[in-house]
Structure formats: C-alpha cells, structure tokens
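A.B. asks: Predicted model and sequence below, questions to follow.
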Amino acid sequence: MIANYGYEDGSGHYYIKIDTAKCAECSDKPCIKACPEQLYVTELDDFDDEVIIIREDARNTLQTNCANCKADQKMELCRQVCPSDAIGFSW
Amino acid sequence: MAEIEKVEYWRWKESNWKNPDIPDWRGSLITAGIDIGSTSTQAVIMADGIPYAYSNMRTGSNSPDSAINAINWAMKDTGLTLEDITYTIGTGYGRVNVPFSNKTVTEITCHSRGANFIYGPSIRTILDMGGQDCKAIHCDENGAVTSFMMNDKCAAGTGRGMEVIANLLAVRVEDIGKMSFEIDEEPPPVSSTCVIFAKSEATKLMRAGWTKEKVLAAYCHAMALRVVRLLERNGMELDFAITGGIAKNIGVVKRIERLMGVTALEPKWDTQIAGAAGAALIAKDLVERKRAKEAVAAK
C-alpha cells in the first residue's frame, strides 16, 4: 500500500510517501534512527505487519520538520538510509 | 416579548434503519462496525454480511458515550443485545474509544472495504469527505487499499466547512446542494485553502449584493476545487465514488464530476455508513477466518 502522510496548504503540497509493502519486509527500519526530527514510528498495520508511519502530531507540520534536511540540498537522511527505496517526498 | 426562534441550520438529520427483509437475526453471524468520526458516529450491524440495522448520529464531546448510544440506537427494536454480537470493530478518529470493540482498524481500510460493498467491486477510486478531513483512496477489486492520501490540515473541503457556511447564510445544510444550482452562471470560487477566509469572503459577497444561491455556488465550487487537487495528486482511476456526508450534497458532487470529467457512481446505501459497514464486514471476515482455522485444527 502507498501511504501518503502530510497536507496541502496555501504554500504547497507537503506529503511523505511510504510504500508499506516494501517497508514491511525491512526488519531494521534505519529511517527511524536517521530522522533528526523523530518523524518515523512503527505501527502494526491492519494486517499485523510492522510498518513505519509518520507520527500523528507531525503530519501537519512536515514543511517545518523537514526544512533542515531539505536545506542541505542532499537527499533527505531518511531516504539515504532506506534500503528498499520505500520513502518519497512530494516537494 | 416574543421569543426569537433559534434555528440550527448546520444540524444534519440523524437516522437509524432496520432491514425489513431480515425478519429474524437468530442463527446468523452478527458482526458490528462502529465508526467514530470527528463529527458523526455510525454503528452498522450485519447479519451474515448483510446490513441488518444501522444508526447515524452526531459524535458529541464524549466518544465512548457516542459509541454506546449509536449501537443502542441501531439495536433498538431488533431484540439484539451486545452479547449477541460476535465481533465488533471500532474505526475512525475515535476508534480507540469504543469500549466494547474486539479490535480497531484504521478508517482508510474500513472505508475502502465499505465502498466496495456499497458501490460494488468495480470501484477503484474513493473520495471520503468527512467532517474534518478528506481522503482519496485507491482500492482493488476486493476493497483492499492500494494507496491513500489524506488532508486534515484545514476544514476547507470538509463537512465542518459546509456547516459553517450553512449557519452563516441561514440555509439548512441539506438544502445547500440544490440551491447552489439556482443560478444563471457559475460564479468564481471563494478561497479554497481556508474555511475562515471562505467565510469572510462569503460575507463580503453577500454585502456586495450576491444572492445566497450564488454565494453557495461559489462555496461549493471552492470545496470541489479543494478535493479535486487531492484526487489529482493520488490519481484517478474509474470507477469513482464519494463517501461521507458531503456525498449527499449534489452541489459539491456535480462540481467535482465536472472538474474531473468523470461521473460518480450512485450509492445504494447511506454514504455516511461506509466506514462502519466496512468495519462490520472485516469483522465477519476475521470471525470466518478464525473459525476455519479452528476447524482445521480440530481435524
């Protein structure tokens, strides 16, 4: 399943896309430790697979949360460490 | 002194229903789904996967009480008690607040399964327009979610936004859709990014001499634009349907259809019960799977 967490406001679209099918197969989930904002947490999905989600209180502030990673103009830290290319950004 | 009648224009109709085609539920597998949304709560009771009874009411300030009230209203005059329900699934924003649920499932999964039931297996794109958020969901022929996108940042494009405008213009919320077409030509939309801006724009337009119908058209247009952006981002695949309370507002539905160049499927059931119906169906699947496993183990 492709899960898009985030929002759209007057300034643009801010969604983080997670491919939970790829994510469920990854046991280490290095994105959790890599994110300086601790955006990622694990959850058992409706089929009892352990997947990552964006923590609920951060889903409406992603533009601010990810600003430092984006400002470095490199690939975001979570995407750098993800072994299965399961994370994507809409902005 | 004469009293001024206070009309709550935003107040939508609560309802309950019992299936007249099922005279007796005894002997059937009874499952229930409780969908506690931010604005409305639904309880759906299914007998062998067929809707037997449901209720649809406002959530209020206490979610556990809403869950109990909703299931009691659905069970009214059926002879059912909570003990007769084999499995109950809680879903929606307040899903953890269903005191008698056996399991919780996210509303995305439940809406997808519910829409598959309400609209049939050809459904691929679902737009759920709820009280305080809207979701674009893609699903397969079994009603399993393949992708979803949600926007709960702002009340624009949600049922709450519609309630605000109903109160502002003193128009009953159920009349908005029809009235929004009583215009000569489609006006430009009001702000679609914020319900507060939309409200102040609507006030300004009324002052400028616009009729209520024209303002409603501009508001429905803005609401449609808002959710169309969500649909475009998540992709549109036919068949397409809308669930949630706004699906009952033709002013928004027809404008979404026009903007997207598609036709939404006609619902066979109340569009607000999609989440709870999906939960009750998932409950049935879980019980059957468990029973099948037990039967294999017994052999």
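C.D. replies: Sure thing, it's come through.
A.B. asks: Tell me which residue lies nearest the centroid of the chain.
C.D. replies: Answering for chain A, as no chain was given. residue A:16 (5.1 Å; CA atoms, centre = their mean).
A.B. asks: Correction: the question concerned chain B.
C.D. replies: residue B:244 (2.1 Å).
A.B. asks: Surely the residue nearest to the centre of chain A forms part of a strand?
C.D. replies: Yes: assignment of residue A:16 by DSSP: H, G, I helix; E, B strand; the rest coil places it within a strand.
A.B. asks: close enough to count as contact, it and residue A:31?
C.D. replies: No: contact between residue A:16 and residue A:31 fails when scored by CB atoms under 8 Å: they sit 10.3 Å apart. (C-beta placed from N, C-alpha, C; glycine too.)
A.B. asks: re earlier: ok, now which ones touch the residue nearest to the centre of chain A?
C.D. replies: A:4-6, A:39, A:54, A:62, A:66, A:87-90 (CB atoms under 8 Å, 6 or more residues apart in numbering or on different chains).
A.B. asks: okay, those residues in CSV with distance to residue B:190 and secondary structure next?
C.D. replies: Converted to CSV, the contacts of residue A:16 look like this (distance: CB to CB, whole Å; DSSP: H, G, I helix; E, B strand; the rest coil):
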residue, distance to residue B:190, secondary structure
A:4, 27, strand
A:5, 28, strand
A:6, 24, strand
A:39, 34, coil
A:54, 31, strand
A:62, 27, helix
A:66, 31, coil
A:87, 36, strand
A:88, 33, strand
A:89, 31, strand
A:90, 26, coil
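A.B. asks: Between those, which sits nearest chain B?
C.D. replies: residue A:4 (4.0 Å; CB to the nearest CB).
A.B. asks: Give me the neighbour count for the closest one.
C.D. replies: The tally of other residues near residue A:4 (other CB atoms under 10 Å in any protein chain shown) stands at 23.
A.B. asks: give me the beta-bridge partners of it?
C.D. replies: Beta-bridge pairing for residue A:4 (DSSP bridges): residue A:17, residue B:149.
A.B. asks: Does anything pack onto the strand or helix carrying residue B:167? Which helices or strands?
C.D. replies: Per DSSP states H and E: residue B:167 is located in helix B:159-169. If contacts are counted by 3 or more CB pairs under 8 Å, 6 or more residues apart in numbering or on different chains; DSSP states H and E, helix B:159-169 sits against helix B:176-179, helix B:195-207, helix B:212-234.
A.B. asks: Show the pLDDT at the nearest residue to residue B:188 once chain neighbours are set aside.
C.D. replies: Leaving out its chain neighbours, the residue that sits closest to residue B:188 by CB to CB, 6 or more residues apart in numbering or on different chains is residue B:218, at 6.6 Å. We have a pLDDT of 93 for residue B:218.
A.B. asks: Report the contact partners of residue B:218.
C.D. replies: Counted by CB under 8 Å, 6+ apart, residue B:218 has contacts B:187-190, B:201-202, B:205, B:210.
A.B. asks: For those residues, which single residue is the most surrounded?
C.D. replies: These, ranked by neighbours (other CB under 10 Å): first place residue B:190, 26 neighbours.
A.B. asks: I'd like the distance between the residue lying closest to that one once chain neighbours are set aside and residue B:297.
C.D. replies: Counting by CB to CB, 6+ apart, the nearest residue to residue B:190 once its immediate chain neighbours are dropped is residue B:201, at 4.2 Å. The gap separating residue B:201 from residue B:297 is 64 Å, by CB to CB, to the nearest Å.
A.B. asks: tell me the SS of residue B:66?
C.D. replies: helix.
A.B. asks: Next one: it, what pLDDT does it get?
C.D. replies: Reported pLDDT for residue B:66: 90.
A.B. asks: wait, it sits on residue B:43?
C.D. replies: No: checked against CB under 8 Å, the pair residue B:66 and residue B:43 is beyond contact range at 9.4 Å.
A.B. asks: Neighbour count for these two, which is higher?
C.D. replies: Taking neighbours as other CB under 10 Å, residue B:66 and residue B:43 compare with residue B:43 leading, 31 against 23.
A.B. asks: what's the next secondary structure element after the one helix or strand the more buried one maps to?
C.D. replies: Assigned by DSSP H and E, residue B:43 belongs to strand B:40-47. Remark: after strand B:40-47, the chain's next helix or strand is strand B:50-58, criterion DSSP H and E.
A.B. asks: Now do that next one: distance to the chain's middle.
C.D. replies: For strand B:50-58, the separation from the chain centroid amounts to 12 Å (computed by CA atoms, centre = their mean, to the nearest Å).
A.B. asks: Name every sheet partner of it and say whether each one runs parallel or antiparallel.
C.D. replies: Sheet pairing here is set by DSSP bridges, and for strand B:50-58 it gives strand B:15-18 (antiparallel), strand B:40-47 (antiparallel).
A.B. asks: May I have that strand exported as CSV, CA atoms only?
C.D. replies: Presented in CSV, the C-alpha positions along strand B:50-58 are these (Å, rounded to 0.1, in the frame of the first residue of the first chain):
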residue,chain,number,x,y,z
ILE,B,50,-25.8,-8.2,5.0
PRO,B,51,-26.7,-4.9,6.7
TYR,B,52,-29.3,-5.7,9.4
ALA,B,53,-29.5,-2.4,11.2
TYR,B,54,-27.6,0.9,11.4
SER,B,55,-27.6,4.3,13.1
ASN,B,56,-26.0,7.6,12.2
MET,B,57,-25.7,10.3,14.8
ARG,B,58,-23.6,13.2,15.9
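A.B. asks: in it, what counts as buried?
C.D. replies: Neighbour-count burial for strand B:50-58, counted by 16 or more other CB atoms under 10 Å in any protein chain shown, picks out B:51-57.
A.B. asks: pLDDT weak spots in chain A?
C.D. replies: Of all residues in chain A, none has pLDDT under 70.
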